[in-house]
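1. Give me a 3D structure for the following:
(one chain, ligands or ions: 2)
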Amino acid sequence: MASRMLKFTSINPTMPEKRAAEARRSDFQEIYGDYAQTVAEDQAARCSQCGVPFCQQGCPLSNDIPDWLKLAAEDRMEEAYQVSSATNNMPEICGRICPQDRLCEGICTVEQSGHGTVTIGAMERYITDNAWEQGYVTPIKPPREREQSAGIIGAGPGGLAAAEQLRRKGYQVTVYDRYDRGGGLLVYGIPGFKLEKHIVERRIKRLEESGVRFEFNASIGETHKLSDLRDEHDTLLIATGVYKARDLMVPGAGCEGVHKALDFLTTSNRKGLGDDVPEFENGTLDAKGRKVVVIGGGDTAMDCVRTAIRQGATSVSCLYRRDRANMPGSQREVANAEEEGVVFEWLASPEALIDDEGGKLQAVRAARMKLGAPDPSGRQSPEKTGGTFDIEADMVIKALGFDPEDLPHLFNEPALTVNRWGAIKVDFATLETSLPGVFAAGDIVRGASLVVWAIKDGRDAAESMHKRMKQMARTASAAPVAAE
Ligand SMILES: Cc1cc2nc3c(=O)[nH]c(=O)nc-3n(C[C@H](O)[C@H](O)[C@H](O)COP(=O)(O)OP(=O)(O)OC[C@H]3O[C@@H](n4cnc5c(N)ncnc54)[C@H](O)[C@@H]3O)c2cc1C
Ligand code: SF4
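-> Ligands and ions are numbered 1, 2, ... in the order given. Predicted structure coming up:
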């Protein structure tokens, strides 16, 4: 059946159908539909089956992309799912939200040869969505139960990936999270139009059915002590993400109507999940009828502008101090936002927020920027040109990035070593922290990053935790039994 492959010269790349911008502006459903089976098989068959697959090198999980594409092209869908899920705990989630243009698809050989990338992300999503529909995704049945236990702090993608890997080996796993639901930013940060919530919920449910215990509303450092968890479990994983929002340091930044991006997004996601959210009901965090300016150029800013559109804002602008080519967010998401009516002000940096002299926001004054000399990292630094302009605004959303919370302080554990940005320091070979038996994974180690990297870290940390617990079990069984 290999002759079915290498169709990139005769078949064009096709994404699943994208809903019309007008229709998607008014709801939070995902914007891409599903592939029809024949289209999916054709898209998979475009793969050139490279001897050295660059796509695999571009994927942080080293996914075996050419193999699962070939199996999908041959309609061997259960095998495709088995291969795909061997290296990724959430393939259908990565297929939806990885910035593929910067990862696997960006260096796909077919893309580099000018034929347009193989649609790897859309195929990854298709294979595992199909596996759920067909009942191939079943609870984990470990080959044997082990008495040792692992505690995982944080039910985001890093913690969930580690929980699954450890449960596969038969460990008793408890996941603690300060939220009332699992998923971390998959549920409370990323909006439904990129990732519908039931996709995450079924993953949590499967872990529960596999014997993983979840303790929600458990805030380590507040409701639970880290030291108690260390006593209770043989190993611990810290996968708490980064949540301290960077602030806007301009005159007027404290006026009414200025909000943090994650407050805005979490409120919107909670509303979508059916929760009562007073800050939304009373209009504080509802963009309906407002003139919204979002400040920032990353994924979070893109999610804010598109959420504001869906809530019924009268205008939505995004200010970013560099140009389009140098923004950190995905180009695909910028295009989606533009289609939905967002206006981008590139090379614009906020100078001041102007109020009505009663503290109520009226406008954002922005400085026009240009790109100057490269900084030590090689990135061109934005410089002021001298010009300014005002944009009317009665709601400003700050999406300037996140830093880690002060975990040694929060956990009352000064021996937990962090770097100068507050991220946890680990031994990169094992992901073990300065506290023996305590490991760390995801954003809390890397700083704000990507879901796929959190999954990779969670898997690697689980492997190190397993090695450590195996060693502990060996040592315990070799110890002489104390005389009675
Ligand atoms: C708005 C937004 C959009 C994004 N879009 C994308 C995207 O499109 N694609 C992509 O790849 N990445 C995206 N990211 C980044 C991605 O979401 C993160 O890199 C990823 O979720 C990190 O996973 P994590 O497991 O390390 O942490 P998180 O997902 O942040 O999960 C950490 C969990 O730990 C819990 N926790 C924290 N402190 C404690 C405590 N003291 N006690 C108990 N529990 C605690 C939190 O409640 C949370 O559930 C986005 C991020 C944001 C903010
Ligand atoms: S996990 Fe992300 S980078 Fe890896 S193959 Fe899937 S979409 Fe590409």
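
2. Whichever residue of the stretch 301-450 of the chain sits closest to ligand 2: neighbour count?
-> Across the stretch 301-450 of the chain, the shortest distance to ligand 2 (CB to the nearest ligand atom) belongs to residue 450, at 8.3 Å. The C-beta positions use only the backbone N, C-alpha and C, and glycine is treated the same way. Per other CB atoms under 10 Å, the neighbour tally for residue 450 reads 20.

3. Hmm, it is touching residue 100, no?
-> No - contact criterion CB atoms under 8 Å: residue 450 and residue 100 do not qualify, at 11.1 Å.

4. need the longest helix for this protein.
-> helix 451-478 (DSSP state H).

5. Run through the neighbouring helices and strands of it.
-> For helix 451-478, the elements it packs on are helix 91-97, helix 157-168, strand 235-238, strand 438-440, helix 443-446, judged by 3 or more CB pairs under 8 Å, 6 or more residues apart in numbering; DSSP states H and E.

6. So residue 132, which state does it fall into?
-> Three-state assignment for residue 132 (DSSP: H, G, I helix; E, B strand; the rest coil): helix.

7. what about the closest residue in space to it that isn't next to it in sequence, which helix or strand?
-> Distances taken as CB to CB, 6 or more residues apart in numbering put residue 202 closest to residue 132, at 6.8 Å, once the chain neighbours are dropped. Using DSSP states H and E, residue 202 sits within helix 197-209.

8. Buried residues of that helix, list them for me.
-> 197, 199-201, 203-204, 206-207 (16 or more other CB atoms under 10 Å).

9. Adjacent strands (with direction) for the next helix or strand after it?
-> Proceeding N to C from helix 197-209, the next assigned helix or strand is strand 213-215, under DSSP H and E. The pairing partners recorded for strand 213-215 under DSSP bridges are strand 172-176 (parallel).

10. Is there contact, residue-wise, from the helix or strand just after the partner strand to ligand 2?
-> Using DSSP H and E, the next helix or strand after strand 172-176 towards the C-terminus is helix 185-188. No - Helix 185-188 does not reach ligand 2 (CB under 6 Å from any ligand atom); its nearest approach is 14.0 Å.

11. Averaged pLDDT, helix 185-188. What do you get?
-> The average pLDDT within helix 185-188 is 98.

12. got the CA coordinates for that helix in CSV?
-> Output of helix 185-188 as CSV, limited to C-alpha atoms (Å, rounded to 0.1, in the frame of the first residue of the first chain):
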residue,chain,number,x,y,z
LEU,A,185,-5.0,26.3,31.2
LEU,A,186,-6.6,23.8,28.8
VAL,A,187,-9.9,24.4,30.6
TYR,A,188,-9.6,27.9,32.2
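
13. State the three-state secondary structure for residue 382.
-> Put simply, residue 382 is strand when judged by three-state DSSP.

14. what's near enough to touch residue 452?
-> 59-61, 94, 98, 103 (CB atoms under 8 Å, 6 or more residues apart in numbering).

15. which residue ranges form the strands in the stretch 1-150 of the chain?
-> In the stretch 1-150 of the chain, strands defined by DSSP state E, counting those that start in this stretch lie at 149-153, listed in chain order.

16. Which residues of it lie near ligand 1?
-> Residues of the stretch 1-150 of the chain lying near ligand 1 (CB under 6 Å from any ligand atom): 97-98.

17. Buried ones in the longest helix of the chain, by neighbour count?
-> Within helix 451-478, the residues scored as buried using 16+ other CB under 10 Å are 451-466, 468-469.

18. And ligand 1, is it touching that?
-> Yes - judged by CB under 6 Å from any ligand atom, helix 451-478 and ligand 1 are in contact via 451-452, 454.

19. tilt between that helix and helix 157-168?
-> 40 degrees (axes from the mean of the first three to the mean of the last three CA atoms, to 10 degrees).

20. now helix 451-478 against strand 149-153, angle please.
-> Between helix 451-478 and strand 149-153, the angle comes out at 150 degrees (the same axes, to 10 degrees).

21. what mean pLDDT does helix 451-478 have?
-> For helix 451-478, the per-residue pLDDT averages 96.

22. ditto for stretch 268-281
-> Averaging pLDDT along stretch 268-281 gives 97.

23. and that stretch, does that touch ligand 1?
-> No - using CB under 6 Å from any ligand atom, stretch 268-281 stays clear of ligand 1, with a minimum separation of 9.5 Å.

24. In that stretch, which residues are buried?
-> So for stretch 268-281, counting by 16+ other CB under 10 Å, buried means 268-272, 277, 279-280.

25. Check those residues and tell me the two furthest apart.
-> Maximum pairwise distance among the buried residues of stretch 268-281 (CB to CB): 14.6 Å, between 272 and 279.

26. So residue 318 sits against residue 338, correct?
-> No - Residue 318 is beyond contact range of residue 338, at 9.8 Å (criterion: CB under 8 Å).

27. and for the two, which residues touch both?
-> Counting by CB under 8 Å, 6+ apart, the shared contacts of residue 318 and residue 338 are residue 344.

28. Which residue of those two possesses the greater neighbour count?
-> Using other CB under 10 Å, the more surrounded residue of residue 318 and residue 338 is residue 318, with 29 against 14.

29. Residue 247 versus residue 401, what's the distance?
-> Per CB to CB, to the nearest Å, residue 401 is found 10 Å from residue 247.

30. Between those two, which has more neighbouring residues?
-> Per other CB under 10 Å, whichever of residue 401 and residue 247 has more neighbours is residue 401, with 17 against 12.

31. Would you enumerate the residues in contact with the more buried one?
-> Counting by CB under 8 Å, 6+ apart, residue 401 touches 245-246, 296, 298, 300, 448.

32. Narrow those to those that are buried.
-> Among these, those classed as buried by 16+ other CB under 10 Å are 245, 296, 298, 300, 448.

33. Let's have those in a markdown table, adding secondary structure.
-> Shown next, in a markdown table, are the buried ones among the contacts of residue 401 (three-state DSSP):
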| residue | secondary structure |
| --- | --- |
| 245 | strand |
| 296 | coil |
| 298 | coil |
| 300 | helix |
| 448 | coil |
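
34. How about the residues of this protein by ligand 2?
-> Counting by CB under 6 Å from any ligand atom, the positions of the chain adjacent to ligand 2 are 59, 61, 63, 65, 88, 94-95, 98, 100, 103-104, 120-121, 124, 452.

35. Mind picking the one among these that's closest to residue 289?
-> Nearest to residue 289, judged by CB to CB, of the residues of the chain next to ligand 2 is residue 98 at 34.7 Å.

36. Residue 354 belongs to a strand, doesn't it?
-> Yes - assignment of residue 354 by three-state DSSP places it within a strand.

37. Could you pull up the mean pLDDT of stretch 315-322?
-> Computed over stretch 315-322, the mean pLDDT rounds to 97.

38. Just the C-alpha atoms of it, please, in CSV.
-> C-alpha atoms of stretch 315-322 as CSV (Å, rounded to 0.1, in the frame of the first residue of the first chain):
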residue,chain,number,x,y,z
SER,A,315,-14.7,47.3,18.6
VAL,A,316,-11.6,45.2,19.4
SER,A,317,-8.0,46.4,18.8
CYS,A,318,-4.7,44.7,19.6
LEU,A,319,-1.6,46.8,20.4
TYR,A,320,1.7,45.1,19.9
ARG,A,321,5.1,46.9,20.0
ARG,A,322,6.8,44.9,17.3
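
39. count of neighbours near the closest residue to residue 123 other than its chain neighbours?
-> Leaving aside its sequence neighbours, residue 123 sits nearest to residue 44 (CB to CB, 6+ apart; 5.6 Å). If you count neighbours by other CB under 10 Å, residue 44 ends up with 28.
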